[in-house]
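Colleague: What would the 3D arrangement of this be:
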Amino acid sequence: MKTKQELQTILRQIDHKGYPAYKQLRGSYRFDGYFLHIDHVQGDPFASPSKVRIEVPGSQAGFRTEWYDTREKKIALEDFLLCGFGKKLKNYSFQAKGSGKSGLMSVSRPGQEILERTACQMEKKTGAVTLRMEIGFPANGRTVNSRELEKIFFDYLPDCVGKTLYARALNPDSLQKAAELAEDQTAIRQQLKERGLVAFIANGAILPRESGVSDRPMKEAVPFQSPESMEVELTLPNFGSIRGMGIREGITLIVGGGYHGKSTLLKALERGVYNHRAGDGREYVIAEESGMKIRAEDGRAVKNTDISLFINNLPNGKDTVHFQTEDASGSTSQAANVVEAMESGSRVFFIDEDTSATNFMIRDELMQRVVHRDVEPITPFVERVQELYEEYGISTVLVAGSSGSYFHKADCVIQMNRYVPEEITALAKQEAKAFPLPAGDVPPMEKPHFDRKIPVDRKFSSENRVKTKTMGMDGISINRENIDLRYLEQLVDTEQLNALAQLMVYIRRQVADGKTAFPELIGRVQDVLSESGFEKICGGSYLPGNLAVPRKQEIFACVNRWRELKCD
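Modeller: Now for the predicted structure:
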């Protein structure tokens, strides 16, 4: 490892040379209190910025062990440090001048959800902090301007590191509160399982967001207040006693007039599979972490999926036990989404009537009289929802605004009235007696087949290069084959899509063997992530600093939407 003085010497030697001279900088350098690693140098000032890594030894970082002694607290501390570093770095980006991306200084900018990221990682054993970022090495045209880069390395970065990555420079109360919040959120998740709940929403939570393009809490929003009949009290290790609405396992129906907060409540529950930072308003909105948003997805590809739970006896004789299509309808796509979520191990379904296929969700009495059950291939979700809970332990939280059919099935009915929830289960059940569900035998429920496998594909052998690309939040591209992820509404950050692209390549290259069924195959991938992180997933000479760990449910969903993929 070289010294910072040696780095300075190289910078001065290559000044005014051709841009490739910057390649000499690749390596590691010892600064006061941290190490600077230049992992990748860009080819020219207009190319993707250079990849730089800062490593602060645990003895220098000085963070107390109790701030990161669990996975959840460690991720919260990493998020805290990353946000602080990003705010400080923003003041210096493009202060060094030059052509193209010269002077750019960027690091991951987390949203409201706290995710495990490669941008900032803390070593659990030693407390060392590693932060990954990008720097546009300055140039005039394509000529090195190392005097400007010297400012970055010797003035700007030391200031950012010194004020954000050492415990002594930070407010210990803020660090303690971040750790305590993570510990309390973990305690709520544990108590959900113990008390037969699928979600908890604390009194005083702020559910509405600032706007359609801002995920920050809405100012002057109505604070959440649980109905008395649904209020539960939890005891947290740091916050102490906390009260709020507990949603029990089973079937929960959310109803109410338009713009009264039904979808806002459901959206908060969908995002409750993640932890949120203090001040978000949803920091104590916690949902069962395997919960999956289910919706119709017209046009998606379905690969060898058993949708016979809902669809049988198609007029064209098409097999629904091994159903395949490149252009699914609303009902077949939603049926596939339900079965694939079951396969992924989801224990809760979040469903909004507005984004569902009507014929998949219900068939009223008049329709059944006109179009007899014998010629209707769809068994609607309303006829399966109770069995899904009783047979498979899968709960459903459903928003309904136009059909009362689910009143008969619901264990709990919540009415949203001007963003205030009221529990009206008894009233709904009483009124539903006047509108009985259509009579008729429901086809027996058989467990779907979860035995799909991914065959070996030579195109993904290690000697072949695989190109990946992320298209914002819309999807990813692998060897120019697009995977549409627009309707996976619980993906919250483009870095999760970056990670999914890496995971898809790893699955095809390292794990798929044509013998292992999806649940076990993706379980192996998760084991690698837990034990070795993305270092093993990505391979290569350096680890990208723009990856965020997706849930198992989204890994399943991404595999299922890969059109090019053949499933046996």
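Colleague: For Ser308, give me its contacts.
Modeller: Residues counted as contacts of Ser308 (CB atoms under 8 Å, 6 or more residues apart in numbering) are Thr320, Val321, Phe323, Glu446, Pro448. In short, each C-beta sits where N, CA and C put it, glycine included.
Colleague: Which members of those residues are the farthest-apart pair?
Modeller: Within these, Phe323 and Glu446 form the most distant pair, 14.6 Å apart (CB to CB).
Colleague: Compare neighbour counts for the two and give me the winner.
Modeller: It is Phe323, of Phe323 and Glu446, that has more neighbours when counted by other CB atoms under 10 Å, with 21 against 10.
Colleague: Ignoring the adjacent residues along the chain, who's closest to the more buried one?
Modeller: Ile307 (4.9 Å; CB to CB, 6 or more residues apart in numbering).
Colleague: Now do that neighbour: how many residues are near it, please.
Modeller: A total of 26 residues lie near Ile307 under the criterion other CB under 10 Å.
Colleague: which SS class is it?
Modeller: Here Ile307 is coil, with the state taken from DSSP: H, G, I helix; E, B strand; the rest coil.
Colleague: What separation is there between it and Val56?
Modeller: 52 Å (CB to CB, to the nearest Å).
Colleague: picking up where we left off before, what's the closest of the contacts of Ser308 to Pro436?
Modeller: Once CB to CB is applied, the member of those that ends up nearest Pro436 is Glu446, at 26.6 Å.
Colleague: for Tyr166, phi and psi?
Modeller: Here is the backbone geometry of Tyr166 (degrees, to the nearest 10): phi -120, psi 140.
Colleague: ok, now which ones touch it?
Modeller: Tyr166 neighbours (CB under 8 Å, 6+ apart): Gly33, Val56, Gln60, Ala61, Gly62.
Colleague: where are the low-confidence patches of the chain?
Modeller: Scanning the chain for pLDDT under 70 picks out 365-366, 369, 372-375.
Colleague: Now do the buried residues in the longest helix belonging to it.
Modeller: Longest helix in the chain, counting residues (DSSP state H): helix 172-194. Buried residues in helix 172-194, defined by neighbour count with 16 or more other CB atoms under 10 Å: 175, 178-189, 191-192.
Colleague: Name the residues of stretch 502-514 that come out as buried.
Modeller: Taking 16+ other CB under 10 Å as the criterion, stretch 502-514 shows Gln502, Leu503, Met504, Val505, Tyr506, Ile507, Arg508, Arg509, Gln510, Val511, Ala512 as buried.
Colleague: Format the CA atom coordinates belonging to that stretch as PDB.
Modeller: Extracted in PDB, the C-alpha atoms of stretch 502-514 (Å, rounded to 0.1, in the frame of the first residue of the first chain):
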ATOM      1  CA  GLN A 502     -26.500  -9.200 -11.000                       C
ATOM      2  CA  LEU A 503     -28.600 -11.900  -9.300                       C
ATOM      3  CA  MET A 504     -30.200 -13.100 -12.500                       C
ATOM      4  CA  VAL A 505     -26.800 -13.500 -14.100                       C
ATOM      5  CA  TYR A 506     -25.500 -15.400 -11.100                       C
ATOM      6  CA  ILE A 507     -28.500 -17.700 -11.100                       C
ATOM      7  CA  ARG A 508     -28.000 -18.600 -14.800                       C
ATOM      8  CA  ARG A 509     -24.300 -18.800 -14.500                       C
ATOM      9  CA  GLN A 510     -23.700 -20.500 -11.100                       C
ATOM     10  CA  VAL A 511     -26.900 -22.000  -9.700                       C
ATOM     11  CA  ALA A 512     -29.300 -23.200 -12.400                       C
ATOM     12  CA  ASP A 513     -28.600 -26.900 -13.000                       C
ATOM     13  CA  GLY A 514     -31.900 -28.100 -14.500                       C
END
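Colleague: residues in contact with that stretch?
Modeller: With CB under 8 Å, 6+ apart as the criterion, stretch 502-514 contacts 453-457, 460-462, 466, 468, 476, 478, 483, 521-522, 524-525, 528, 534, 537-538, 544, 547, 550, 555, 558-559, 562, 568.
Colleague: show me the contacts for the residue positioned nearest the centre of the chain.
Modeller: By CA atoms, centre = their mean, the chain has its centre lying nearest to Leu491, at 4.1 Å. Residues in contact with Leu491 (CB under 8 Å, 6+ apart) are Met473, Leu485, Leu497, Pro550, Glu554.
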